[in-house]
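Enquirer: Provided below are the primary sequence and the corresponding predicted coordinates.
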Amino acid sequence: MTYQTLMVHLQLGHSNTALLKVASELAHIFHPNVIGIAAGQPTQTIYGQGYALLDFLNQEHEKISKEIADAETAFRAAFKGNSRTIEWRSTVTLGPLSEYIVGETCSADIVLTEIAQSDFYEGPNRVNAGELILQSGRPVLVVPVTAKKLKLEHMLVGWKDTREARRAISDALLLLKLAKQVTIVEIVAENEDAAATKRLEQVVSWLMRHDITADYLVSISLTDDATQFMSIAEEQNADIVIAGAYGHSRLREWVLGGVTGDILQRAEFCALLSH
């Protein structure tokens with residue numbers, strides 16, 4: 001079993017250096033088909049008339065077209081010789097950019113996208129990673145802009161007894177097989193540690209049937225789970241974090257906080273997120 005197709009989403013107006021480095025190294029391992037994708041949206045004006053407005057729209061379109069062309073050039077250079085086939089898809093649209101990207105993800109086994117710590121609104125041509133995770137139905141490997149290379153030594157799996165967690169660890173099997181160390185972590189209330197231990201032993205046993213050796217850690221909740229989980233990831237020197245995304249509604253996570261939001265906002269290591 002292998003990744004047959006990687007989809008690499010490039011943000012316009014950014015270098016995408018870290019993303020292309022990590023994606024290229026992943027392609028070197030699996031030698032898949034690789035699809036590069038980007039989308040741009042011209043600034044939408046609600047007033048204006050005559051040639052001045054037409055000139056403005058033409059300039060906007062030319063700017064976006066150049067950014068798309070630059071992204072395609074960088075993409076093709078990154079994957080030359082280390083994939084079965086490479087394909088480029090792009091569009092300029094007035095609609096939501098995430099809708100176009102999500103609509104194309106049916107072609108991919110996994111989606112890779114780059115994220116900065118400020119992955120909120122950065123203008124019309126920034127696609128929020130959260131939208132891809134929620135809507136694509138594909139595992140999304142989120143690559144921080146600070147990443148230098150693809151590190152596969154230690155992978156940390158955030159566990160809850162939820163559909164999202166089960167989906168994430170299943171989606172991550174191919175990556176977990178590459179790791180030298182796998183740790184499953186669950187954060188629970190003090191009186192729930194025995195039940196959590198039993199659950200994690202079952203998960204470790206399941207992974208063994210896939211030829212993956214893992215250990216587990218039950219951590220008693222001391223603060224909010226998101227902060228504690230990220231602290232554990234740092235203490236464990238995790239290279240890749242694997243977690244189910246948006247187990248609660250996205251609105252609730254935005255208001256009250258959550259592990260998904262912390263991973264996306266702190267963006268200190270690669271994370272495979274599934275919803």
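Expert: On my side now, so go ahead.

Enquirer: Mind checking what helix or strand follows the one helix or strand in the chain whose mean pLDDT sits lowest in sequence?
Expert: In the chain, no helix or strand scores lower on mean pLDDT, DSSP states H and E than helix 250-256, which sits at a mean of 41. From helix 250-256 onward toward the C-terminus, using DSSP states H and E, the following helix or strand is helix 259-266.

Enquirer: CA atoms only for that following helix, dumped as CSV, please.
Expert: C-alpha atoms of helix 259-266 as CSV (Å, rounded to 0.1, in the frame of the first residue of the first chain):
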residue,chain,number,x,y,z
VAL,A,259,-6.5,21.1,20.0
THR,A,260,-7.1,21.7,16.2
GLY,A,261,-7.0,25.4,16.6
ASP,A,262,-3.8,25.3,18.7
ILE,A,263,-2.1,23.1,16.2
LEU,A,264,-3.0,25.4,13.4
GLN,A,265,-2.1,28.6,15.2
ARG,A,266,1.2,27.5,16.8
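
Enquirer: just how off-centre is that helix within its chain?
Expert: 11 Å (C-alpha atoms, centre = their mean, to the nearest Å).

Enquirer: Average pLDDT for that helix, rounded please.
Expert: Mean pLDDT, helix 259-266: 75.

Enquirer: helices or strands up against it?
Expert: Here helix 259-266 touches helix 129-135, helix 225-235, strand 240-244, helix 250-256, strand 270-274, going by 3 or more C-beta pairs under 8 Å, 6 or more residues apart in numbering; DSSP states H and E. Heads up, the C-betas are built off the backbone N, CA and C, glycines and all.

Enquirer: quick one, domains of the protein?
Expert: Structural domains assigned to the chain are 5-144, 154-274, following automatic domain parsing.

Enquirer: What's the end-to-end length of the first one?
Expert: Criterion C-alpha to C-alpha, to the nearest Å; first-to-last residue distance in domain 5-144 is 21 Å.

Enquirer: tell me the pLDDT at G130?
Expert: For G130, the predicted pLDDT is 83.

Enquirer: quick one: it and D224, what's the gap?
Expert: 19 Å (C-beta to C-beta, to the nearest Å).

Enquirer: Those two: who's more crowded?
Expert: G130 (24 against 14; other C-beta atoms under 10 Å).

Enquirer: Setting aside sequence neighbours, what's the nearest residue to the more buried one?
Expert: The spatial neighbour of G130 that comes closest, neighbours along the chain excluded (C-beta to C-beta, 6 or more residues apart in numbering), is L264 at 6.3 Å.

Enquirer: Surely that neighbour is in contact with V142?
Expert: Yes. With contact defined as C-beta atoms under 8 Å, L264 and V142 form a contacting pair (6.8 Å).

Enquirer: what do these two both touch?
Expert: I115, A129 (C-beta atoms under 8 Å, 6 or more residues apart in numbering).

Enquirer: And for V218, the neighbour number?
Expert: V218 has 18 neighbouring residues, counting by other C-beta under 10 Å.
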